[in-house]
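A.B. asks: after the sequence you'll find the predicted model.
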Amino acid sequence: MVADPSSTSVSTQALATEEAGLARDAVASLGVRESSGDGLGRALAAMLARDLLGVGRRLGDVLTPLVFFAMVITLFPLGISPEPERLAMIAPGVVWVAALLSALLSLDGLFRADFDDGTLEQLLLAPQPLALLVLAKVAVHWLTTGLPLALMAPLLGLMLALPEGSYLTLMASLALGSACISLVGAIGAALTVGLARGGMLMSLLVLPLFMPVLIFGTGAIQAAIVGGPWLAHLAILGAFLAVALMLAPLAIAASLRISLHG
């Protein structure tokens with residue numbers, strides 16, 4: 001039975017109209033003035049609700065990094081060796097490199113949809129600080145990418161023969177490190193949002209900035225495996241996250257203004 005092209009076109013147009021209306025409603029809610037003292041809170045709640053609902057409509061974009069993460073870690077025992085001692089030796093680096101590349105897959109589209117439908121230009125005109133509004137978008141990215149990676153890492157750690165005592169360190173390091181990756185990566189995504197093929201350029205811009213996070217993230221897991229002081233590595237990751245929370249939203253807002261207005 002052949003599907004009616006006209007009905008397919010109508011359903012596609014209806015979905016696009018519904019998403020555009022959702023974007024307009026979210027942007028309109030951002031215009032709430034702070035006369036009552038809670039305008040900023042409503043704006044942030046509107047941004048979070050709108051982005052989370054958008055994620056629910058595009059589950060494929062969320063599942064792609066997770067599937068990539070699982071596939072990369074699954075292939076290593078097949079391609080190197082099934083020996084537990086050798087796998088445990090390379091496991092920290094494998095997990096962290098796979099997590100970093102998985103997060104990069106979704107960073108390119110962080111602001112792309114809002115740029116295409118004009119929502120970003122409306123955000124720049126909103127009375128609330130742009131740095132806080134984009135921080136809400138970064139939080140949604142971490143909740144849908146970084147946090148799931150951290151939660152599923154222990155299951156994949158079993159395939160790499162990681163000792164049981166290192167699972168908590170593995171999850172904590174990935175949770176802290178992926179938050180840093182989301183914040184720093186959003187700067188590159190904002191700088192390249194106006195480019196037709198900005199994904200490769202964004203990777204070249206932000207990958208060198210991820211090196212400290214990668215070093216201390218893998219160091220924490222290695223220290224946990226050998227029984228060393230892994231809390232020191234997590235403390236440094238926490239310091240990186242604190243600095244990124246203070247500076248990255250300002251840099252993201254400035255990058256968006258440069259991308260939109262030159």
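C.D. replies: Nice, thanks for sending it over. What you see is a predicted model, and the numbers here were worked out from it, not measured in a lab.
A.B. asks: could you find the closest non-adjacent residue to residue 233?
C.D. replies: The shortest distance from residue 233 to any residue other than its chain neighbours is 3.6 Å, reached at residue 220 (CB to CB, 6 or more residues apart in numbering). (C-beta placed from N, C-alpha, C; glycine too.)
A.B. asks: can you report phi and psi for that neighbour?
C.D. replies: In terms of degrees, to the nearest 10, the main-chain angles of residue 220 are phi -60, psi -40.
A.B. asks: for it, give me its contacts.
C.D. replies: Taking CB atoms under 8 Å, 6 or more residues apart in numbering, we find residue 220 in contact with 169, 172, 173, 230, 233, 234, 237.
A.B. asks: need the pLDDT of it.
C.D. replies: Looking at residue 220, its pLDDT reads 94.
A.B. asks: likewise for residue 23?
C.D. replies: 49.
A.B. asks: cool, the one 10 residues further on as well?
C.D. replies: Model confidence at residue 33, given as pLDDT, is 41.
A.B. asks: mind showing which ranges of the stretch 151-262 of the chain have poor pLDDT?
C.D. replies: Along the stretch 151-262 of the chain, segments meeting pLDDT under 70 span 262.
A.B. asks: secondary structure element for residue 184?
C.D. replies: helix 167-191 (DSSP states H and E).
A.B. asks: with residue 82 instead?
C.D. replies: Counting by DSSP H and E, residue 82 is part of no helix or strand.
A.B. asks: same question for the one 4 residues further on.
C.D. replies: Assessed by DSSP H and E, residue 86 sits inside helix 84-107.
A.B. asks: could you do residue 109 as well?
C.D. replies: Secondary structure assignment for residue 109, by DSSP H and E: no helix or strand.
A.B. asks: skipping its backbone neighbours, what lies nearest it in space?
C.D. replies: residue 61 (6.5 Å).
A.B. asks: count of neighbours near the one you found?
C.D. replies: If you count neighbours by other CB atoms under 10 Å, residue 61 ends up with 16.
A.B. asks: next one: residue 113
C.D. replies: Neighbours around residue 113, by other CB under 10 Å: 16.
A.B. asks: who's in contact with it?
C.D. replies: 54, 119.
A.B. asks: now residue 74
C.D. replies: Residues near residue 74 by CB under 8 Å, 6+ apart: 156, 159.
A.B. asks: quick one on the thing from earlier: okay, angle between the helix holding residue 86 and helix 167-191 too, please.
C.D. replies: Angle, helix 84-107 to helix 167-191, by axes from the mean of the first three to the mean of the last three CA atoms, to 10 degrees: 30 degrees.
A.B. asks: list the helices and strands helix 84-107 packs on?
C.D. replies: The contact analysis (3 or more CB pairs under 8 Å, 6 or more residues apart in numbering; DSSP states H and E) places helix 84-107 against helix 59-79, helix 147-157, helix 167-191, helix 199-226.
A.B. asks: from residue 254, how far out is the residue nearest to residue 233?
C.D. replies: Look at residue 220 and residue 254: by CB to CB, to the nearest Å, they are 32 Å apart.
A.B. asks: which of the helices and strands packed on helix 84-107 is buried the deepest?
C.D. replies: helix 167-191 (a mean of 24; mean count of other CB atoms under 10 Å).
A.B. asks: what residues are up against the most centrally placed residue in the chain?
C.D. replies: Nearest to the mean C-alpha position of the chain, counting by CA atoms, centre = their mean, stands residue 141 at 3.8 Å. Listed by CB under 8 Å, 6+ apart, the contact partners of residue 141 are 106, 107, 110, 182, 186.
A.B. asks: the first one touches residue 65, doesn't it?
C.D. replies: What it means is residue 106. Yes. With contacts counted by CB atoms under 8 Å, residue 106 reaches residue 65, the gap being 5.1 Å.
A.B. asks: overlap of the contact sets of the two?
C.D. replies: By the contact definition CB under 8 Å, 6+ apart, residue 106 and residue 65 are jointly contacted by residue 145.
A.B. asks: report the angle between the longest helix seen in the chain and helix 199-226.
C.D. replies: Using DSSP state H to define each element, the chain has its longest helix at helix 230-261. Using the same axes, to 10 degrees, the inter-axis angle of helix 230-261 relative to helix 199-226 is 170 degrees.
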